[in-house]
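Participant: Have a look at this prediction, sequence included:
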Amino acid sequence: MSSVKYGLLILASAGLLACDKNPGLDSAASVASKQSPTPAAVTTLPNTPKAATKKSPQDRLSEAELQLGKASPITASIPMVTVPAGEFIMGSNKIDDEGLQERYGFSTPLFVNEHPEHKRKIGAFMIDTYETTKAEYKEFILATDRLLPFLWGNNGYGLTMEEAGRMDIERLREIAANDFKLDMDTRAMAREALMAAMVEVQKKMDVLPATDVIWQEAMVYCQWRGKRLPREDEWERAARGTDGREYPWGNQWDVKITNTGDDSDWEEGIAPIGSYPGNRSPDGAFDMAGNVWEWVADWYQPYEGSDYQSDLFGEKNKVIRGGGGGVGHYALSMFFRGAARQFAEAALRSEDVGFRCAKDI
């Protein structure tokens, strides 16, 4: 695993390993992620424009692009839940009375960045029912002719069937075997059979959360849909309801309700959106605990009235919420709580960090 811009990564191999690499998650995160290079074009076809001619996903949208996103039928079909205006409980007064910091070797104290528990009034808003999917993000990338996420060039998701139809057959067979990892002998397969098998693989990936996306790219995508990233208080309100519950479903931890990455059914530890029907918040949002961490709009700052001080506060890091599945991690329930705050540098690309969008009413 390459170095990432998180603080402590909790890994499970022969035992627990706590690694304080770079500033990032203030206490620790059940995240196992890989730093990806800048997005790049997937294929090297003669007729393919050079990567330099394409915009980056984080580049500002033109007015024509904004209108294209708002007019997309997919934009209208993405389900959202309405969160009514009102008061709710934010943060917590939880303390580490079990000595978890010492037990797991965390470099910073647990829970204190959630202090103090307080009541906050918030206006009505809407938030996506599910995390943004790869298919939804892919539409944005292709419609605006932007560079593909780097990982899509390694797993086949960025290959269009138009490109596959023009590609040299031997090259296509190599991609089928090495990138798509088709469980079949591709060496003599015809183009039609290869493309059909590739489409099936991509369909399975369509419903996975979009990850490997930095904060700015997530923000631009949400703008393209006529939305925005949720504020941190909006995210917590949508996850916890008005009663300050620990988890979206209630106050009792149950590893079977959410994806912590321990379920062997999911390749790379990430599940299709909505795979856990019990992982539903009071307002009807799914997967707000587990599966992937989620970017929110805010810089990582202390709450008003907090006496906790950290050099990591300020306009240096963005908040991420929700806890992730990831690869090779050790699941600790504390990171899946609705009040739990973690953070990452805005330029981080991680296989374990995604997002969802919100909008005003």
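Facilitator: Noted; the coordinates are in hand.
Participant: Verify the stated contact: S56 with L148.
Facilitator: No. Using Cβ atoms under 8 Å, S56 makes no contact with L148, being 10.7 Å away. In short, each C-beta sits where N, CA and C put it, glycine included.
Participant: So if I had to pick from those two, which one is more boxed in?
Facilitator: L148 (21 against 14; other Cβ atoms under 10 Å).
Participant: so how far is Q202 from the nearest residue to the more buried one once chain neighbours are set aside?
Facilitator: The shortest distance from L148 to any non-neighbouring residue, by Cβ to Cβ, 6 or more residues apart in numbering, is to G158 (4.1 Å). G158 is 10 Å from Q202, where distance means Cβ to Cβ, to the nearest Å.
Participant: residues of the longest helix anywhere in the chain that come out buried?
Facilitator: Using DSSP state H, we find that the single longest helix of the chain is helix 191-206. Buried residues in helix 191-206, counted by 16 or more other Cβ atoms under 10 Å: 194-195, 197-198, 201-202, 205.
Participant: Among those, which one sits closest to G91?
Facilitator: Distances from G91 to the buried residues of helix 191-206, taken as Cβ to Cβ, are shortest for M205 (36.4 Å).
Participant: For G86, give me its contacts.
Facilitator: Taking Cβ atoms under 8 Å, 6 or more residues apart in numbering as the contact definition, G86 lies against 121-122, 242.
Participant: Quick one: those as CSV, columns for distance to R225 and pLDDT too.
Facilitator: Output for these, formatted as CSV (distance: Cβ to Cβ, whole Å; pLDDT from 0 to 100):
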residue, distance to R225, pLDDT
K121, 27, 97
I122, 22, 96
T242, 27, 96
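Participant: what's the closest of the residues you listed to N259?
Facilitator: So of the contacts of G86, ranked by how close each gets to N259 (Cβ to Cβ), first place is T242, at 25.6 Å.
Participant: you'd agree the closest one is in a helix?
Facilitator: No. Assignment of T242 by DSSP: H, G, I helix; E, B strand; the rest coil gives coil, placing it outside any helix.
Participant: Okay, it and R120: tell me how far apart.
Facilitator: T242 is 11 Å from R120, where distance means Cβ to Cβ.
Participant: Quick check on the contacts of G86: which are buried?
Facilitator: Listed as buried from these are 122, 242; burial here means 16+ other Cβ under 10 Å.
Participant: tell me which element V81 is part of?
Facilitator: In the assignment (DSSP states H and E), V81 maps to strand 80-83.
Participant: And the contacts of that strand?
Facilitator: Looking at what lies outside strand 80-83 - Cβ under 8 Å, 6+ apart - the contacts are 122, 124-129, 234, 237-238, 283-285, 359, 361.
Participant: let's go with 6 Å and repeat that
Facilitator: Identification of contacts with strand 80-83 by Cβ atoms under 6 Å, 6 or more residues apart in numbering yields 125-126, 128-129, 237-238, 283-285.
Participant: got it, and stretch 195-208?
Facilitator: Residues from elsewhere that reach stretch 195-208, judged by Cβ under 6 Å, 6+ apart: 133-135, 157, 161, 164, 180, 182, 270, 272-273.
Participant: and if you look at stretch 178-194?
Facilitator: Contact with stretch 178-194 is made by 155-156, 169, 172-173, 176-177, 197-198, 201, as judged by Cβ under 6 Å, 6+ apart.
Participant: That one - what's its average pLDDT?
Facilitator: Across stretch 178-194, pLDDT averages out at 95.
Participant: Give the buried residues for it.
Facilitator: For stretch 178-194, burial by neighbour count (16+ other Cβ under 10 Å) applies to 179-180, 182, 186, 189, 194.
Participant: of all the residues you listed, which two lie farthest apart?
Facilitator: Checked with Cβ to Cβ, the buried residues of stretch 178-194 reach their widest spread between D179 and M189, with 14.7 Å between them.
Participant: coming back round to it: return the subset of the contacts of strand 80-83 lying in strands.
Facilitator: Secondary structure assignment by DSSP state E places 125-126, 128 of the contacts of strand 80-83 in strands.
Participant: Compare those and tell me which is most surrounded.
Facilitator: Among the ones in strands among the contacts of strand 80-83, D128 has the most neighbours (other Cβ under 10 Å), with 26 neighbours.
Participant: Could I get the full set of strands for the stretch 201-350 of the chain?
Facilitator: Assigned by DSSP state E, counting those that start in this stretch, the strands in the stretch 201-350 of the chain fall at 293-299, 317-321, 342-345.
Participant: Out of those, which gets nearest to D96?
Facilitator: When these are compared by Cβ to Cβ, strand 342-345 sits nearest D96, at 15.6 Å.
Participant: Paired strands for that closest one, with orientation please.
Facilitator: As defined by DSSP bridges, the strand partners of strand 342-345 come to strand 317-321 (antiparallel).
Participant: Quick check: mean pLDDT of the strand it pairs with?
Facilitator: Mean pLDDT, strand 317-321: 98.
Participant: Please save the CA atoms from stretch 93-108 in PDB.
Facilitator: What follows is stretch 93-108, C-alpha atoms only, in PDB (Å, rounded to 0.1, in the frame of the first residue of the first chain):
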ATOM      1  CA  ASN A  93     -19.600  14.600  24.700                       C
ATOM      2  CA  LYS A  94     -18.300  11.100  24.400                       C
ATOM      3  CA  ILE A  95     -15.000  10.300  26.100                       C
ATOM      4  CA  ASP A  96     -12.500   7.500  25.700                       C
ATOM      5  CA  ASP A  97     -13.300   5.800  29.000                       C
ATOM      6  CA  GLU A  98     -12.100   2.500  27.600                       C
ATOM      7  CA  GLY A  99      -8.600   3.500  26.900                       C
ATOM      8  CA  LEU A 100      -9.000   2.900  23.100                       C
ATOM      9  CA  GLN A 101      -6.400   5.400  22.200                       C
ATOM     10  CA  GLU A 102      -3.700   3.600  24.100                       C
ATOM     11  CA  ARG A 103      -5.000   0.100  23.100                       C
ATOM     12  CA  TYR A 104      -4.800   0.800  19.400                       C
ATOM     13  CA  GLY A 105      -1.900   3.200  19.500                       C
ATOM     14  CA  PHE A 106      -3.600   6.200  18.100                       C
ATOM     15  CA  SER A 107      -1.600   9.400  18.100                       C
ATOM     16  CA  THR A 108      -4.400  11.800  19.000                       C
END
